[in-house]
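J.: Sequence and predicted structure, then a few things I'm wondering about:
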Amino acid sequence: MALSGYTAGEAVRSYLGTLSEDERTAQQNELGRFARWVGANVRLDTLKAEDIERYQEQVEQSGADPKRLEPVRAFLAAAHKSRLTEINLGKYIRLKRAPSKKNNQHAHETIVEEEVAEMTSDGYDALKAELEHLVNVKRAEIAEALYEARLDKDIRENAPFDAAKQHQAEVENKIRMLQRTLATARVIDQSANGNRVGLGSRVTLTDLTHGEELCYTLVGTSEANPRLGRISVASPVGKALLDHAPGDEFDIEAPGGKVRYRVDRIEA
């Protein structure tokens, strides 16, 4: 019988504590991704084989090296040995040979570039929720629309059928993009920013040139939404804000000339 009460996040932290420093450094990002994907607060003993298979499918569809699944398989095997799960869920991860470097060079370069991208925990959760909605709701809606359109036996000039197929292609493309982003994301610890501006910080500042008070939240590129005050750390203002403390003043070159800002308040 499995010991109850351990969440995925707690089990990962406990397991990482048993590893050497080098092993912990090499595995913590991948195990952190797995815990966030299944839900860090979800009890480990409630996970099923299909959950593990879905995670493997998502990693593989992102184009990532299948070897990235090895730490997860080892963790799940150790969890079973420690009686945190009733069965060894690691056996449901079936590793495949990685794509050849020659045939997958472009995809590999893209993944390496995306792996360094960071995002907030809120942003990760939002993307995960969007992916689940597309997979569990939109796919079913599109399947129903295609079925209804096929009732017209002549589909050669069937506008509803063509529209549904186009929508299906767009949704599947979005699903692949989200799977790739989630598989390679690194969620940052916002508390590590301290009293300086970093990813995830909510910053109140004053535009000293025009006498306006502004409020921004610094987020990863995939989370940016300027209309909601969520600006990317790669944007001109985002870059300029990084690592500043309350009271700091700085300038930004704008199309209309130089604008001076003062950081008033920082919230994690």
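T.: Nice, I can see it.
J.: Give me the distance between the nearest residue to residue 150 once chain neighbours are set aside and residue 147.
T.: Closest residue to residue 150 apart from its sequence neighbours, by CB to CB, 6 or more residues apart in numbering: residue 161 at 6.7 Å. Any C-beta I mention is one placed from the backbone N, CA and C, and that applies to glycine too. From residue 161 across to residue 147, the span is 10 Å (CB to CB, to the nearest Å).
J.: And the two? Which one has more around it.
T.: Taking neighbours as other CB atoms under 10 Å, residue 161 and residue 147 compare with residue 161 leading, 19 against 10.
J.: and the more buried one, what element?
T.: Here residue 161, judged by DSSP states H and E, is contained in helix 159-184.
J.: Spatially, what comes nearest to residue 222 if we skip its sequence neighbours?
T.: Distances taken as CB to CB, 6+ apart put residue 181 closest to residue 222, at 5.8 Å, once the chain neighbours are dropped.
J.: and the one you found, how many neighbours?
T.: When neighbours are counted by other CB under 10 Å, residue 181 registers 21.
J.: Next: residue 211.
T.: Counted with other CB under 10 Å, residue 211 comes out at 7.
J.: Next up, phi/psi of it, please.
T.: Note on residue 211: backbone dihedrals following degrees, to the nearest 10 are phi 70, psi 40.
J.: separation between it and residue 261?
T.: Here residue 211 is placed at a distance of 12 Å from residue 261 (CB to CB).
J.: Which residues are in contact with residue 134?
T.: By CB atoms under 8 Å, 6 or more residues apart in numbering, residue 134 lies in contact with 171, 174, 175, 178.
J.: Compile those residues into a markdown table and extend it with columns for distance to residue 70.
T.: As requested, those are arranged in a markdown table below (distance: CB to CB, whole Å):
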| residue | distance to residue 70 |
| --- | --- |
| 171 | 32 |
| 174 | 29 |
| 175 | 25 |
| 178 | 24 |
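J.: By neighbour count, which of these wins?
T.: Neighbour counts for those, by other CB under 10 Å, peak at residue 178, which reaches 20 neighbours.
J.: Surely that one touches residue 132?
T.: No: assessed by CB atoms under 8 Å, residue 178 is found out of contact with residue 132, at 9.5 Å.
J.: count of neighbours near residue 226?
T.: A count of nearby residues for residue 226, using other CB under 10 Å, gives 11.
J.: Residue 28 reaches residue 16, doesn't it?
T.: Yes: using CB under 8 Å, residue 28 is in contact with residue 16, at 5.7 Å.
J.: And residue 54, how far from residue 136?
T.: As judged by CB to CB, residue 54 and residue 136 stand 11 Å apart.
J.: Show me the chain divided up by domain.
T.: Taking automatic domain parsing as the reference, the chain has its domains at 8-116, 119-187, 190-267.
J.: can you put these in a markdown table and add mean pLDDT?
T.: Formatted as a markdown table, the domains of the chain follow (pLDDT from 0 to 100):
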| stretch | mean pLDDT |
| --- | --- |
| domain 8-116 | 79 |
| domain 119-187 | 84 |
| domain 190-267 | 89 |
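J.: On the three-state scheme, the residue lying closest to residue 15 once chain neighbours are set aside is what?
T.: Nearest residue to residue 15, sequence neighbours excluded (CB to CB, 6+ apart): residue 75, at 5.3 Å. Secondary structure for residue 75, judged by DSSP: H, G, I helix; E, B strand; the rest coil, is helix.
J.: returning to that earlier point: which strands and helices lie in contact with the helix holding residue 161?
T.: Judged by 3 or more CB pairs under 8 Å, 6 or more residues apart in numbering; DSSP states H and E, the packing partners of helix 159-184 are helix 21-38, helix 49-61, helix 105-115, helix 121-133, helix 139-150.
J.: Helix, strand, or coil at residue 265?
T.: Classification of residue 265 using three-state DSSP returns strand.
J.: burial count for the closest residue in space to it that isn't next to it in sequence?
T.: Closest residue to residue 265 apart from its sequence neighbours, by CB to CB, 6+ apart: residue 204 at 4.2 Å. Number of residues near residue 204 (other CB under 10 Å) recorded here: 15.
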